[in-house]
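Peer 1: Okay, sequence plus prediction incoming.
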Amino acid sequence: MTSLIPPYDAHAVWVAPWTEQLSLYGWIAAMGFAVAAACGLVGNYLMLRRMALMGDAVSHSVLPGLVVAFLVSGSRSTGPMFVGALAAGAAATLIIETIHTRTRVKQDAAIGIAFSTLFALGVILTVAFAGQIDLDAECVLYGEISFVPLEPMVTLGGWTLGPEPFVRMAAVAVGVGVMILVWYKELLVSSFDPGLARSLGINPALLHYGLMATLSIVVVSAFEAVGAILVIAMLILPGSTASMLTTRLPKVHLLSLLHAALSSVLGVSLGIWLNCSMAAAMVVAGAVLFGLAWLASPSQGLVARWWHGRRRESVEQPAPGVGV
């Protein structure tokens, strides 16, 4: 009878990946960090604007864009696939904003309409042209991050920068970081109070569409590594974990990056132990970190709330022998 949990080998799980097999698992962890960092930084602003499901819509709209790009170009190369997926993500954003602003439909409902319709359209196109396209359903759902070390290496001036998908994702992550540094004040004010932003001469609509365009680029760049479903978790988990520990946005950003690094490293070890998808293992590791933050947060944690509740009860309880 096969055991539910594989045998645990501490050396194979914690030591070998970072010593004997670093050239393989090091790039997988680096790719996971680049994806989670870029998604987490953008996701922080999505949560501030109560638009966390926007990443869901963009990630699901990628599928029809991939199919159309392949049918038009006849190639699975990165360029046409990226352009097609990015166009589909931009179309999803435009559809959502049009429905929300031109009708009485709430934004969450508009997101649900857009992402479910576009994903269904992608499924129809995939089935209708099954003989002409070659899309792996598993890749669409949770990516192929384990194949990143096998991709061609990018060199610059004699220096090896890394596998092509990692270099592309790292460039996107750095670009997101630079964008936040340059437009930090504008993004902060427009996220909390669009009316105040207008009074200060900031165009909140322009920033909104810029953020949506950045979200599309991040999701499309991460799609190959973590797929349409797991990218949603990477948009939400880092910021959600950080917000449990602090309310200051700069610290939220820093803790999001720390969460991305820890979940990537722990996810690789978990994936090796359970012999499962590395991307899925990274998300599970990130969820465990969120659970720990929820448990131990000094202000919002379950332990702190239980302790404050006990102290409140002891203060409010009348002393023995004192009449009411």
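Peer 2: In hand now; what should we look at?
Peer 1: model confidence over stretch 157-177, on average?
Peer 2: The average of the pLDDT scores along stretch 157-177 is 91.
Peer 1: Give me the distance between A92 and R50.
Peer 2: Look at A92 and R50: by CB to CB, to the nearest Å, they are 18 Å apart. Where C-beta positions appear, they are placed from N, C-alpha and C, glycine not excepted.
Peer 1: go on, I232?
Peer 2: Distance from I232 to R50, counting by CB to CB: 15 Å.
Peer 1: With G143 instead?
Peer 2: Counting by CB to CB, the separation of G143 from R50 is 27 Å.
Peer 1: all strands for this protein, in order.
Peer 2: 153-156, 159-163 (DSSP state E).
Peer 1: Out of those strands, which is the most enclosed?
Peer 2: Among the strands of the chain, strand 159-163 has the highest mean neighbour count (mean count of other CB atoms under 10 Å), at a mean of 15.
Peer 1: CA atoms only for that one, dumped as PDB, please.
Peer 2: Taking Å, rounded to 0.1, in the frame of the first residue of the first chain, the C-alpha atoms of strand 159-163 are listed here in PDB:
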ATOM      1  CA  TRP A 159      28.400  37.200 -18.000                       C
ATOM      2  CA  THR A 160      25.700  34.600 -17.800                       C
ATOM      3  CA  LEU A 161      22.500  36.300 -16.600                       C
ATOM      4  CA  GLY A 162      20.400  33.100 -16.400                       C
ATOM      5  CA  PRO A 163      17.800  31.200 -18.300                       C
END
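Peer 1: Which other helices and strands does it contact?
Peer 2: In terms of contacts (3 or more CB pairs under 8 Å, 6 or more residues apart in numbering; DSSP states H and E), strand 159-163 is packed against helix 22-48, strand 153-156.
Peer 1: Paired strands for it, with orientation please.
Peer 2: strand 153-156 (antiparallel) (DSSP bridges).
Peer 1: residues in contact with the partner strand?
Peer 2: Strand 153-156 has contacts (CB atoms under 8 Å, 6 or more residues apart in numbering) with 160-164, 167.
Peer 1: Same list, those, but as a markdown table with distance to V218 please.
Peer 2: What follows is the contacts of strand 153-156, written out as a markdown table (distance: CB to CB, whole Å):
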| residue | distance to V218 |
| --- | --- |
| T160 | 25 |
| L161 | 20 |
| G162 | 18 |
| P163 | 18 |
| E164 | 17 |
| V167 | 15 |
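Peer 1: More neighbours: which of I232 and R50?
Peer 2: In terms of neighbours (other CB atoms under 10 Å), I232 is the more surrounded of I232 and R50; the figures are 24 against 11.
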